[in-house]
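Q: show me how the following folds:
(one chain, ligands or ions: 2)
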Amino acid sequence: MGAVEKPAQAVAQAPMVALLGNPNCGKTALFNRITGARQKVANYAGVTIERKEGQFTSPDGHPFRLLDLPGAYSLSAHTPDEEITRDVVAGLRAGEASPDVVVCVVDATNLRLNLRLVLEIQRLGLPMILALNMVDVAKKRGIVIDADLLARELGMTVVETVAVQGGGEKSLLRALDGMWPLHETKARPLAAIDAVPVEETQREVRRILALVSNDSRDTGNLSEKIDDVVLHPVLGPAILAVLMFLVFQAVFSWAAVPMEAISGGVEALGEMVKAGMADGVLRSLLVDGILGGVGSVLVFLPQILILFFFILVLEDCGYLPRAAFLLDRLMGGVGLSGRAFIPLLSSFACAIPGVMAARTIQNPRDRLVTIMIAPLMTCSARLPVYALIIAAFIPNREVGGFMNLQGLVLFCLYFAGIISAMAVAWFMKRTLGSNRQQPLMLELPSYHWPHLRNLAIGLWERAKIFLSRVGTVILTLMVLLWFLSSFPGAPEGATHPPIYYSVAGMLGRGLEYIFAPIGFNWQICIALVPGMAAREVAVGALGTVYALSQTGDELATQLEPILSQTWSMATALSLMAWYVFAPQCLSTLSVVRRETNSIRYPLMMAGYMFALAYVASFLTYRIALAFGG
Ligand SMILES: Nc1nc2c(ncn2[C@@H]2O[C@H](COP(=O)(O)OP(=O)(O)OP(=O)(O)O)[C@@H](O)[C@H]2O)c(=O)[nH]1
Ligand SMILES: [Mg+2]
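A: Residues are numbered from 1 along each chain as shown. Ligands and ions are numbered 1, 2, ... in the order given. Alright, predicted model coming up:
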């Protein structure tokens, strides 16, 4: 057992085994099971978009390296992620030989579609093993495959695997041991594949299938029955809307208790520090800077996990591509392909994986538009900001008997992001010149119950990302901000709290000239600046800024009441509008630069988003003021 991405020298000599196969056949699940890694597994095509390396020791004690690759339908790559796979197996990547063994993973319930790639890869002439994965599902559906006969027909070892069950990988490991010692083989050129016409390959697939499988064309199975309802033209969109709505309701109602526990803990800790330390610079740094700042971000962990719990369940049971299918018409209306759905959905976690997932889009223009609008999807770093302002300004009451008003407002904010993304896409498509609408080619995987292990891994990874951000970027920025906000101290006879005269205070007051028209005070302006590095920091920054703005001795770990007393409703709404649009995270811009290979697009992105944010906040603020906010 080993981990992902260990230093390469230690195992450089170990033979390289590459997992290859169609999308969604279980390569990553197998990779995780064998190496103990925790890469993302989900029930739709195009989850893995990069090459990932791990290592393991076989039952006989031989060391191996294992490669997980993006799924591909064929070696004649159509999308940037398929190119990665093709280049790796063909040994076309700089400084990397072709793999020593190719393990071709196929979905046993879908051999008809999967065998074509197997035949193509075989032409590369590399040592090969076929892993008939998902045999558990195949058995349940009454699909019988004669593995021995298949092995004879293909002329390679065939093993049955169940990637999601403990021990389901054993047969594969034994087969790898059986190949030891391995001799270096060079892949034949890709031209060997293109030399054979597709029709001939298809004919061969049909011939083999007829021999080895009972060809149970399982019609009328459960997935199709569910799809009759879920993809129904009227019921389908209604179900999708209700689902989304329920998720946002849950984010608020389920999170209340754990959030109180965390903020209670932070507060108690603050009291302890206050009681145990004399008043002074260090105490202020600990209480106002670290606890006030970091604590106010930490509180949002439960909400983030609840949101992800739902996204993970929907991902793992196979609902996501259905949602893409339902939204394809809508997205087609603005000139986006349904393919853009999954990158855009990933952007709800963070725009960075979203921008990268756009690699699965074949058309370069579609890909670019998707990248450009991905940051408009509400990333999870924005959730703390929204949640804080909502909790402070939106009353927690029922509307219409069943809806929670806070949940409703959150839903609207997410919706505003989506609608504006669609509008921007429409506009960009018009200016870039539109092209022929491409039909959505999306595989609809069978539904299955979410695997607990996948959910647990997903939530754990999310929590880890969040906590490590809190512990690194956020903590650092909070400490830095505390310094900038504390020095130089207040002059003689000062009428304002010391932060007003500090470096940060001066910066905030300078920025206030620009932001006053949209209702931001100097404290908010200070918080906007570190929020550029990571959005959640804005919340922590407000925590610190207001903690230091408190005259008197009260502890300011409770940010909400301070905000509701000092901001007008118009300011609160304006700040939420700002966060729907403003480009606040530099790492997203740098990934856009990398993925588009140009500085032009990140600049364009920052420009259009700032402009949108300013206009939206201005309108929100003025309208709210007019209504007496
Ligand atoms: N029942 C069952 N489910 C499986 C098995 N292997 C994988 N799955 C499920 O199939 C889905 C796809 O698995 P992944 O490992 O993400 O597939 P992948 O081949 O890496 O997909 P891409 O990265 O998109 O190419 C997930 O929901 C897994 O839980 C299996 O042997 N049996
Ligand atoms: Mg994968």
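
Q: once you drop chain neighbours, what's closest to the closest residue to ligand 1 within the stretch 451-600 of the chain?
A: With Cβ to the nearest ligand atom, the shortest gap between the stretch 451-600 of the chain and ligand 1 falls at His451, namely 4.9 Å. Placement of C-beta: from N, CA and C, glycine included. Leaving aside its sequence neighbours, His451 sits nearest to Val164 (Cβ to Cβ, 6 or more residues apart in numbering; 5.4 Å).

Q: distance of that neighbour from ligand 1?
A: As judged by Cβ to the nearest ligand atom, to the nearest Å, Val164 and ligand 1 stand 4 Å apart.

Q: ok, now how distant is that residue from Thr472?
A: The spacing between Val164 and Thr472, counted by Cβ to Cβ, to the nearest Å, is 33 Å.

Q: higher neighbour count, those two?
A: Each of Val164 and Thr472 has its neighbours counted (other Cβ atoms under 10 Å); Val164 has more, 20 against 11.

Q: isn't there a strand covering that one?
A: No - counting by DSSP: H, G, I helix; E, B strand; the rest coil, Val164 is not found in a strand; it is coil.

Q: so what pLDDT did Gln437 get?
A: Here, the pLDDT recorded for Gln437 equals 57.

Q: do the same with Thr431
A: pLDDT, read off for Thr431, is 80.

Q: you'd agree it is in a helix?
A: Yes - according to three-state DSSP, Thr431 belongs to a helix.

Q: need the nearest residue in space to the residue of the stretch 101-250 of the chain found nearest ligand 2, chain neighbours excluded.
A: Here the stretch 101-250 of the chain gets closest to ligand 2 at one residue, Val105, 9.7 Å apart by Cβ to the ion. Nearest non-adjacent residue to Val105, counting by Cβ to Cβ, 6+ apart: Gly21, 3.7 Å away.

Q: what pLDDT does the model give that neighbour?
A: 94.

Q: surely it meets Asn110?
A: No - contact between Gly21 and Asn110 fails when scored by Cβ atoms under 8 Å: they sit 10.7 Å apart.

Q: would you mind telling me which of these two has the busier surroundings?
A: Gly21 (27 against 19).

Q: quick one: that one from Met532, how far?
A: With Cβ to Cβ as the criterion, Gly21 and Met532 are 41 Å apart.

Q: identify the residues contacting Asp288.
A: Going by Cβ atoms under 8 Å, 6 or more residues apart in numbering, Asp288 touches 482, 544, 547-548, 556.

Q: for the stretch 51-200 of the chain, what spans make up the strands?
A: For the stretch 51-200 of the chain, applying DSSP state E, counting those that start in this stretch gives strands covering 52-57, 63-68, 101-107, 128-133, 157-160.

Q: ligand 1 is nearest to which of these?
A: strand 128-133 (4.8 Å).

Q: burial measure for the nearest residue to Trp460 once chain neighbours are set aside, as a count.
A: Nearest residue to Trp460 in three dimensions, chain neighbours excluded: Arg38, at 7.4 Å (Cβ to Cβ, 6+ apart). By the measure other Cβ under 10 Å, the count of residues near Arg38 is 18.

Q: again, but for Gln39
A: 19.

Q: spatially nearest residue to it (excluding sequence neighbours)?
A: Using Cβ to Cβ, 6+ apart, the closest residue to Gln39 is Thr28 (5.0 Å).

Q: these two touch, right, Met576 and Ile389?
A: Yes - when contacts are counted by Cβ under 8 Å, Met576 is listed as touching Ile389 (5.5 Å).

Q: enumerate the residues of the stretch 1-150 of the chain near ligand 2.
A: For the stretch 1-150 of the chain, the contact set with ligand 2 under Cβ under 5 Å from the ion comprises 28, 47-48.

Q: please list which of these are also close to ligand 1.
A: For ligand 1, the contacts drawn from those by Cβ under 6 Å from any ligand atom are 28, 47-48.

Q: in helices, which of those fall?
A: Within these, residues falling in helices by DSSP state H are Thr28.

Q: quick check: which of the ones next to ligand 1 among the residues of the stretch 1-150 of the chain next to ligand 2 has the minimum pLDDT.
A: Scoring those by pLDDT puts Val47 last, at 84.

Q: just the element for the residue nearest to that residue when sequence neighbours are not counted, please.
A: Nearest non-adjacent residue to Val47, counting by Cβ to Cβ, 6+ apart: Lys40, 5.7 Å away. Using DSSP states H and E, Lys40 sits in no helix or strand.

Q: out of the residues of the stretch 1-150 of the chain next to ligand 2, which comes closest to Gly333?
A: Of all those, Val47 has the smallest distance to Gly333: 27.0 Å, by Cβ to Cβ.

Q: residues contacting that closest one?
A: 23-24, 28, 40-41, 71 are the contacts of Val47 under Cβ under 8 Å, 6+ apart.

Q: tell me how far the residue of the stretch 401-550 of the chain found nearest ligand 2 lies from Gln122.
A: Per Cβ to the ion, Asn454 is where the stretch 401-550 of the chain lies closest to ligand 2, at 11.7 Å. Shown here: Asn454 relative to Gln122, a distance of 31 Å by Cβ to Cβ.

Q: Ser263 too?
A: Here Ser263 is placed at a distance of 60 Å from Gln122 (Cβ to Cβ).

Q: same check, this time on Ala275
A: To Gln122, Ala275 is 73 Å away according to Cβ to Cβ.

Q: local confidence estimate at the closest residue to ligand 2 within the stretch 501-629 of the chain?
A: Closest residue of the stretch 501-629 of the chain to ligand 2, Cβ to the ion: Glu595 (19.3 Å). Reading off the confidence values, Glu595 has pLDDT 88.

Q: quick one: contacts of the helix or strand it falls within?
A: Counting by DSSP H and E, the element that carries Glu595 is helix 586-596. For helix 586-596, the surrounding residues in contact (Cβ under 8 Å, 6+ apart) are 350-352, 355-356, 358-359, 368, 371-372, 375, 532-534, 583, 599, 601-602, 605-606.
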